[in-house]
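>>> Prediction below, plus the sequence it came from.
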Amino acid sequence: MSGGRARTESPRTEPRRARPQESGRSELDRKFARLGWAFTVPAMLVVLAVTLFPIAFSVAMSLSHVTVSADGFELSGFTGEHYKLLLQSDRWRHAVVFTVLYTIGTVVAELVLGTLIALVLEQLSGGRGWMMALLLLPWAMITVVSAQLWAYMYNGVYGVLTAMTEGLTGTPFQFLGTPLPAVLSMAAADVWKTTPFVAIIVLAGLMMLPSDVVEAARVDGAGAWTAFWKVRLPLLRPALVIAVLFRVLQAFGIFDLPFVLTGGGPGDATESLALLGWHVMFTNLDFGPGAAVAASTAALVLVGCLIFLRAFKARVGDEETQ
Amino acid sequence: MTDRPRMGFHFRWAHLWALLVALFVAAPLYWMAVSSLKPLEEVGANPPTAWPETLTFENYRQAFTDNNFGRYLLNSAAVSLLATGLVLALSAFAGYALARLPLRGKSPIMVALLMISLFPTIALAAPLFLLMREVGWLNSYQGLILVYTALNIPFAIWILRNFFLQIPKEMEEVAWVDGASPVRTVLRVILPQALPGMFTAAIFTFTACWTEFLIGLTLNTADDYRTMPVGVALFGSTFTVPYGTIFAAATVSVLPIALLVLVFRRAVVSGLTSGAVKG
Amino acid sequence: MSALLASAACGSAGADAASVDPERVGAASGDITWYAINFGPEGFPEQLVAAFEEAHPEINVDFQPAPNNTDTMRATLTTEITGGSSAVDVYNGDLVWPAQFGDAQLAMPLDEHLPDDFWDRYPEERARLTEYDGNHLAAPLYVDSGFLYYRKDLLEKYDLEEPATWQELAESAKRLQDEGEVDFGYVGQWANYEGLTVNWTELSAAAGGRSVSEDGSEAAIDSPENRAVLDFMREMLDSEVVPSATTSFQEQQSLQTFVDGEAAFHRNWSHGWGMANDPLASGIVDKVGVMPMPGFEGGEKKGRSAAGGWNLMVNPHSERIGAVLVFIDWMTGPEAQRLMAENSVLPANEEVLHDEDLQKDNPVLEVAADLDLVARPAQTPRYPQISHGIYTNINGSLAGSSPTANALRAAEDDIRRALEDRAL
């Protein structure tokens, strides 16, 4: 912990400014580059060893004629049929629209709530550890079980939330029976479970902020609000970007909640891309089109993430070497 | 702190808001815990009872004796702890290199990591089964640990790198000049300053492994290696959802997480406050 | 029969063994793994295994419980079997799986290994539901079907008859609601899932409708009979005989509502009886009657109950087929099937199903013994898409988003596309 203490004593005002690069790469730089690879390669190897084959295999399946049999998946010949099937399918288009809107809605809600919660926790003088422990409980629940918990609470006859609406308004409210309430109820369950993820990342980001900068702003006479908007929020951006990025990935792949809570219903109101992909692959046993759904999901979310990174000019890695 | 009245005012508001947040977060958890203590008939009672009319531990007995839930918890703990350790070890160095060392192609690496983590798990399960069958690691700890490690490294690298970027450079430069070895520099100088980041990466990796269902289900089917989320899915039968037993198991399963946070609270909070309180 | 099969599997050269190639099936001994979702009372599969091992000490059975969700179980089986695994030798398969599993070679065709008279132990109709492409893909293990449960005490109190038709049911239900006896008239499984296809198939069949033509080649759901049925279902919701929550109800939620004493009539599988009469779970013990599903006014006089239940299927990669065949023979034979009947699991074996002694103790068994069954259109490997076309559109219509005519037209389109293999 001595590092942490020492750090706070070091005088500095621009914590993240890149070190000026000398023209040409020195011997030292080359040594550091080799070191960098030595540090990076083991992690990369583990990731590639596990994911390269499955991803390549899925993409190949999505582009081949696939026969499922006891002898395994037989891939024979290139075809664009599976993607054509998707593009012609109302079911797929509907799942895309639902998933995109749902992702935007829940992630925005979680971002706002999560940041607010982080700011509140930062202000706490005591009990922060307890609050963090509590916040992590929803996140640490098996998603299927938390979906079952919400299904139980939303139940139209003996659900506690239904009973509460009946007590308040006189008529029991049906959370899952009709499309719009079903979507919103699902989103509420999702926000409950995943906002802590955002809150904890943002809180950790807040803790890493150079407090001298904030103090300086305060000395300059900026109010708490201005100090937040003008000074701290911009500095928080990297943490926010990470929280959003990974929440988007998770939200885009939402599966367990609709699987348990609504079965994609009413009708197809809550059928997400991942749920559709699962049905096509493992209920219909159509692995070609199923892989195409999965690959299309990945492609869509990749495009979304890249647009997001560009829009927020997030730092993705080269700023230090340029 | 207390000698500044303006801050005192803020503190009181913060406490009120914190209380509200705690209520919203805790209410569903309360409902889960309370329902796990109700007998079968009361679980489905209308109107629902806020506190069990008949308090029973039958659901807990069923989870642990009729089902092999204790074993599943141990399996999950072993897999999750080891995977988290590996993820931290590998990602700390990689994250540091990607933050600080003069590598070419950092941007492509970061985006590639992102791409890997966005491929839907449902599409990975079947090929992973083939892969692990080939290696002979079905129904083992190492197979699941390897997969969980790989799937969680991207997020850990992203988050750790962000923290490393914010650490002042002076410290490590002093260390380099003093001739400390690179590994030692990272372990002794860098990591202690990025404790909140390490904690964040650790807790999210651990919970991700702890709650993962589909891959655990696919790779480890033998009872001896089955993980906790898969175990819970075995409760009941085709047409029955034994909410009481499921909630009992779930209540037990979230406690270790809370415990972990509380145990590491000292390290975490001290790491955190040293940054926050300073003037 | 049992002895015959055993000797065949052992490879003795008797004439009866002609259909079995001993080299391919292996010895009728050793360790086998049976993969199944729990069924019957707690620990029942293990109890069956113990009884089997006592009868066949030369074979050890490892019961491996499957996740309790049918779709999840299908996913694990598909992954394992296509992956070439022989970890599971024999597994329970849903009634609607044979065509799909046969098509994808996930189950071993049995005719090569089982003598023709093996199938005599089943009602003919039931055995036929395990066929695909002229071969039996599965051996029925236990059956299930739709039953109408009703509040016997309330019908008696108000001097109401057991309803002969759905319309009568709605009328009696409304009366009991108006008297303040129950909150809801009827609850079933109308959520967005396979169970709604089951409920729909029963209602549609009672009215004389179908979803797919008899030969299985064409969509037939957009018919006047079915329009009347869907209108009737929507009317039950509008008049609040059926609570609107039913559009999100599966077996669990609807049964819970019924045993809590809140509904007058309830459709469920056979396990509903046990739970309704379990003092630990139910508030209506001994107040429940059970009968076949009712008819539909203007349609058939007698109602139809959907066929359900589970079969035993064999992993084509199994290296212990000899032992597996002995296991199948025993599990579908009288001893095991009686054990099931005694534990409120409906036997697939015809002789046990019609055993009058057993029926005396179990009213459900008595009703089950002569039900008019209706099968879901699962004779094609495309059945999952067909069923999805049915339940999504019906559920969407019941939840209020589309009128009857549109919903059935959309379902017709979806089913047609599924049959033409153009559905996602």
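Arrived safely.
>>> and the most centrally placed residue in chain B, what element?
The residue lying closest to the centre of chain B (C-alpha atoms, centre = their mean) is residue B:207, at 2.0 Å. Assigned by DSSP states H and E, residue B:207 falls within helix B:195-211.
>>> Next up, the contacts around the residue nearest the centre of chain A.
Residue closest to the mean C-alpha point of chain A, counted by C-alpha atoms, centre = their mean, is residue A:247 at 1.4 Å. Applying C-beta atoms under 8 Å, 6 or more residues apart in numbering or on different chains, we find residue A:247 in contact with A:107, A:110, A:111, A:194, A:197, A:198. For glycine as for every other residue, the C-beta is placed from the backbone atoms N, C-alpha and C.
>>> The residues you listed: which ones sit near chain B?
residue A:197 (C-beta under 8 Å from any C-beta of the partner chain).
>>> ok so, going back, could I get the buried residue list for the helix holding residue B:207?
B:195-211 (16 or more other C-beta atoms under 10 Å in any protein chain shown).
>>> Run through the residues you listed and flag the ones next to chain A.
Among these, proximity to chain A is found for B:195, B:196, B:197, B:199, B:200, B:203, B:204, B:207, B:210, B:211 (C-beta under 8 Å from any C-beta).
>>> and which of these is nearest residue A:37?
residue B:197 (22.2 Å; C-beta to C-beta).
>>> hang on, the earlier thing: what helix or strand does the residue nearest to the centre of chain A sit in?
Following DSSP H and E, one finds residue A:247 within helix A:233-252.
>>> what packs against the helix or strand following that helix?
Tracing the chain C-terminally past helix A:233-252 and defining elements by DSSP H and E, one meets helix A:256-261 next. Helix A:256-261 is packed against helix A:143-154, helix A:179-208, helix A:273-278, with contacts defined by 3 or more C-beta pairs under 8 Å, 6 or more residues apart in numbering or on different chains; DSSP states H and E.
>>> out of those helices, nearest to residue B:65?
helix A:143-154 (19.9 Å).
>>> angle of whichever helix or strand comes after that closest one against helix A:143-154?
Downstream of helix A:143-154, the first helix or strand assigned by DSSP H and E is helix A:160-169. Helix A:160-169 and helix A:143-154 are oriented at 30 degrees to each other (axes from the mean of the first three to the mean of the last three C-alpha atoms, to 10 degrees).
>>> what does helix A:160-169 rub up against?
Residues contacting helix A:160-169 (C-beta under 8 Å, 6+ apart): A:153-156, A:171-175, B:31, B:46-48, C:245.
>>> The same query, at a cut-off of 7 Å, please.
When contacts are defined by C-beta atoms under 7 Å, 6 or more residues apart in numbering or on different chains, helix A:160-169 is touched by residues A:153, A:154, A:155, A:156, A:172, A:173, A:175, B:31, B:47, B:48.
>>> tell me which of the residues you listed is nearest to chain C?
residue A:156 (2.1 Å; C-beta to the nearest C-beta).
>>> neighbours around the closest one, how many?
21 (other C-beta atoms under 10 Å in any protein chain shown).
>>> Touching, it and residue C:242? I think so.
No: Residue A:156 is beyond contact range of residue C:242, at 11.1 Å (criterion: C-beta atoms under 7 Å).
>>> returning to what we had before: what is the nearest of the contacts of helix A:160-169 to residue C:332?
residue A:155 (38.0 Å).
>>> Low-confidence regions, chain A specifically.
A:1-25, A:214, A:313-322 (pLDDT under 70).
>>> run the last query once more with 80
Along chain A, the model assigns pLDDT under 80 to residues A:1-29, A:70, A:125-127, A:207-225, A:227-228, A:312-322.
>>> list the buried ones in the longest helix anywhere in it?
Of all the segments of type helix in chain A, defined by DSSP state H, the longest one is helix A:27-62. Buried residues in helix A:27-62, counted by 16+ other C-beta under 10 Å: A:32-33, A:35-36, A:39-40, A:43-44, A:46-47, A:50-51, A:53-55, A:57-62.
>>> just stretch B:223-230 next, same as before
B:223, B:225, B:226, B:227, B:228, B:229, B:230.
>>> For the stretch 201-322 of chain A, which residues are neighbours of chain C?
Contact residues, the stretch 201-322 of chain A versus chain C (C-beta under 7 Å from any C-beta of the partner chain): A:262-268, A:280, A:282-285, A:289.
>>> quick check, nearest of the residues you listed to chain B?
Checking those one by one against chain B (C-beta to the nearest C-beta), the nearest turns out to be residue A:282, at 7.7 Å.
>>> Just checking, which helix or strand of chain C averages the lowest pLDDT?
helix C:2-10 (a mean of 42; mean pLDDT, DSSP states H and E).
>>> check contacts around the residue in the stretch 1-150 of chain C that chain B sits nearest to.
Nearest residue of the stretch 1-150 of chain C to chain B, counting by C-beta to the nearest C-beta: residue C:67, 4.0 Å away. The contact partners of residue C:67, by C-beta under 7 Å, 6+ apart, come to B:217, B:233, B:234, C:73.
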